[in-house]
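Peer 1: No sequence on hand, only this structure:
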């Protein structure tokens, strides 16, 4: 009889302990949820009034409504999709808001010039038949604008590459019949890696809709075929969609350049394709 009482007492003790533990865990989760708005401070605080109107949160995320980082990172909007492992390609749906896309286009429009490629001997841009678009680079002052800072912060977090390792954003426009032949973003010469080291990754952001053709083409990715400027090609193609962004890596996990990261811009058949490119390097590049 005494043994039965002892077992019953132990079971009661364990049950009460489990209940108390569960209540403590619920209390902890509640505190964590309530404090989530202050757990992730920005490196550079962005005035909320300046952000209002172009960075918002979807319904159902009200506990982040006062979290500036959640607004900057577009928590609840950005949807990552792993497209390919070798080379590593990730598609981020809704990476930019429509307002951010239009803002970048508005800055670029008056300053567009014929696009160039990097000269391996001088590091300067030179005209080439492999690239027929027009474009411009944001300057260091524009990089300080609140909306540009928000985009830079988002790129750094989703790529896990520090913002200071990134080159200035380049905005490009491809009109009908324009293209960019397959190429590598990494450098094959010593001159261009003197400042900032090798290019390790690229974030390519699409700024316009209603484009026919203009896909981003990876000849060495995937095992099938895809439509590139209306032609069926071996490889993998990503169709441009306003606000979407493609992150791909020019270096493998072993730290060596990845020849499979070769890519190009397919011919635009109708409309205009606008994009913004952010190249990221091994070290601080500015």
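Peer 2: Cool, got the structure. All figures in this text were calculated on a predicted structure; none of them were measured in a lab. Residues are numbered from 1 along each chain as shown.

Peer 1: C-alpha from now on. contacts and neighbour counts both.
Peer 2: Will do.

Peer 1: which residue packs closest to residue 167, ignoring adjacent ones?
Peer 2: Closest residue to residue 167 apart from its sequence neighbours, by Cα to Cα, 6 or more residues apart in numbering: residue 279 at 5.6 Å.

Peer 1: typed the wrong thing, it's residue 204
Peer 2: residue 277 (4.7 Å).

Peer 1: remind me which residues of the stretch 51-200 of the chain are low pLDDT?
Peer 2: Counting by pLDDT under 70, the stretch 51-200 of the chain contains low-confidence residues at 51-65, 116-130.

Peer 1: can you do 80?
Peer 2: Scanning the stretch 51-200 of the chain for pLDDT under 80 picks out 51-66, 115-131.

Peer 1: Report the separation between residue 77 and residue 138.
Peer 2: 26 Å (Cα to Cα, to the nearest Å).

Peer 1: all helices of the stretch 101-250 of the chain, in order?
Peer 2: 146-159 (DSSP state H, counting those that start in this stretch).

Peer 1: now what about stretch 172-186, what contacts it?
Peer 2: 112, 130-136, 198-200, 202, 214, 217-219, 250, 257, 259, 261-277 (Cα atoms under 8 Å, 6 or more residues apart in numbering).

Peer 1: can I assume residue 224 is in contact with residue 236?
Peer 2: Yes - counting by Cα atoms under 8 Å, residue 224 touches residue 236, with 7.1 Å between them.

Peer 1: Of the two, which one has the most company?
Peer 2: More crowded of residue 224 and residue 236, by other Cα atoms under 10 Å: residue 236, with 22 against 11.

Peer 1: Which strand residues bridge the more buried one?
Peer 2: Here residue 236 sits in beta bridges with residue 218, as judged by DSSP bridges.

Peer 1: What residues does it make contact with?
Peer 2: So residue 236 contacts 217, 218, 219, 220, 221, 222, 223, 224, 225, 226 (Cα under 8 Å, 6+ apart).

Peer 1: do you know how far it is from residue 83?
Peer 2: For residue 236, the distance to residue 83 - Cα to Cα - is 9 Å.

Peer 1: Go ahead and list the helix or strand containing residue 80.
Peer 2: strand 79-84 (DSSP states H and E).

Peer 1: And that strand, what's buried?
Peer 2: 80, 83 (16 or more other Cα atoms under 10 Å).

Peer 1: What lies in contact with that strand?
Peer 2: 89, 90, 91, 92, 93, 94, 95, 221, 222.

Peer 1: With neighbour count, secondary structure and distance to residue 244 as new columns, can those residues be given to me in CSV?
Peer 2: Shown next, in CSV, are the contacts of strand 79-84 (neighbours: other Cα atoms under 10 Å; DSSP: H, G, I helix; E, B strand; the rest coil; distance: Cα to Cα, whole Å):
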residue, neighbour count, secondary structure, distance to residue 244
89, 21, strand, 13
90, 19, strand, 11
91, 22, strand, 7
92, 23, strand, 6
93, 17, strand, 5
94, 20, coil, 5
95, 27, coil, 5
221, 23, coil, 19
222, 17, coil, 20
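
Peer 1: Of those, just say which sits nearest to residue 168.
Peer 2: residue 95 (18.2 Å; Cα to Cα).
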